[in-house]
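K.L.:
Next comes the sequence, and after it the predicted model I'd like to discuss.
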Amino acid sequence: MNNIELEKRIAKIESRNKKVTADKAWEVSNTRKLLIFAITYVIVFIFLIWIKADRPWLGALVPPIAFLLSTLALQKIKKLWVSRIFK
């Protein structure tokens, strides 16, 4: 394998690593969590209006708040799990 081929392979690996790093950053970003919160709220709110539920604005808060709480809890559980696996 010559130098040009090696340089191309290295560039390809570095490009993939940048994409993986960006994907990981997105997965844990507050922007992503807030977008999921907002989209979930709007969808549930519209559904609750459609079925003529009482106080849809309040009922629509339950799923997105549960999502946020679960993301907080899962981060702590993941840290505990990783620390036990890699002792």
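P.N.:
Sure thing, it's come through.
K.L.:
Okay, now the unreliable bits of this structure?
P.N.:
Applying pLDDT under 70 to the chain flags the ranges 87.
K.L.:
repeat that with 90
P.N.:
Along the chain, the parts satisfying pLDDT under 90 run over 1-4, 27-28, 71-87.
K.L.:
Which parts of it are strands?
P.N.:
With DSSP state E, there are no strands along the chain.
K.L.:
can you pull the contacts of the residue nearest the centre of it?
P.N.:
Most central in the chain under CA atoms, centre = their mean is Glu27, positioned 3.7 Å from the mean C-alpha point. With contacts taken as CB atoms under 8 Å, 6 or more residues apart in numbering, Glu27 has no neighbouring residues. Every residue, glycine included, has its C-beta placed from N, CA and C.
K.L.:
mind checking how far it is from Asp54?
P.N.:
36 Å (CB to CB, to the nearest Å).
K.L.:
Over to Asp23?
P.N.:
Distance, Asp23 to Asp54, using CB to CB: 41 Å.
K.L.:
try Lys76
P.N.:
Distance from Lys76 to Asp54, by CB to CB: 35 Å.
K.L.:
now Ile46
P.N.:
Ile46 sits 16 Å away from Asp54, going by CB to CB.
K.L.:
Distance of Glu27 relative to Ile36?
P.N.:
Using CB to CB, Glu27 is found at 11 Å from Ile36.
K.L.:
Mutual contacts of the two, please.
P.N.:
Listed contacts common to Glu27 and Ile36 are nil; contacts here mean CB under 8 Å, 6+ apart.
K.L.:
Gly59: how many residues sit nearby?
P.N.:
Gly59 has 14 neighbours, counted by other CB atoms under 10 Å.
K.L.:
so who does the residue nearest to it when sequence neighbours are not counted touch?
P.N.:
In space, and not counting its chain neighbours, Gly59 is closest to Leu48: 5.2 Å by CB to CB, 6 or more residues apart in numbering. Leu48 makes contact with Pro56, Gly59, Ala60 under the criterion CB under 8 Å, 6+ apart.
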